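Q: show me how the following folds:
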Amino acid sequence: MRVIETNNAPRAIGPYSQGFLVNGTVYTSGQIPVDPKTGEAPKGITAQAEQRCKNVGAILEAAGSGFEKVFKTTCFLADMADFAVFNEAYAKYFTSKPARSCVTVKTLPKGVLCEIEAVAEGESFRQSV
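A: Next comes the predicted model:
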């Protein structure tokens, strides 16, 4: 089991890790659309949907994986009315069409509009040791 950490995604804002690599599988924490350089979220669902995909991508890359190896995502929206815009950004990154759940929630950290977590194939355990 290996903790995944990268400066190219926002640091955890609580007692959790950005992700884990366990027996060749990558588990990302939920990623909100915070720019890792500024610590701020962009305005609007379009920019936020793009940023959270970039954040997930940075963690996947740090784990020796990528969007094409994602096989499950869980998506959270503050408002289901944003689904079409959210889905448009999602489709650009998750081209392998992983299994997905998408739900609305009452609020998200820092008042953002969307969050996503992913499970993907990563480098094998032997390669990471």
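Q: tell me how far the residue nearest to Val22 when sequence neighbours are not counted lies from Tyr27.
A: Nearest residue to Val22 in three dimensions, chain neighbours excluded: Met1, at 5.0 Å (CB to CB, 6 or more residues apart in numbering). Yep, even glycine has a C-beta here, placed from its N, CA and C like the rest. Separation of Met1 from Tyr27 (CB to CB, to the nearest Å): 10 Å.
Q: higher neighbour count, those two?
A: Counting neighbours by other CB atoms under 10 Å for Met1 and for Tyr27 shows that Tyr27 has the greater number, 18 against 8.
Q: quick one, phi psi at the more buried one?
A: Taking degrees, to the nearest 10, you get phi -120, psi 120 for the backbone angles of Tyr27.
Q: from Gly19, how far out is it?
A: 6 Å.
Q: same check, this time on Leu113
A: Shown here: Leu113 relative to Gly19, a distance of 22 Å by CB to CB.
Q: which residues of this structure fall in strands?
A: Remark: strands assigned in the chain by DSSP state E are 2-4, 19-22, 25-28, 70-77, 99-104, 114-121.
Q: hey, what's in contact with both of Met1 and Tyr27?
A: The contact sets of Met1 and Tyr27 overlap at Phe20 (CB atoms under 8 Å, 6 or more residues apart in numbering).
Q: what's stretch 53-67 in contact with?
A: With CB under 8 Å, 6+ apart as the test, stretch 53-67 has contacts from 4-6, 8-10, 18-19, 21, 26, 28-29, 31-34, 36, 69-70, 89-90, 92-96, 116-118, 120-123, 127-128.
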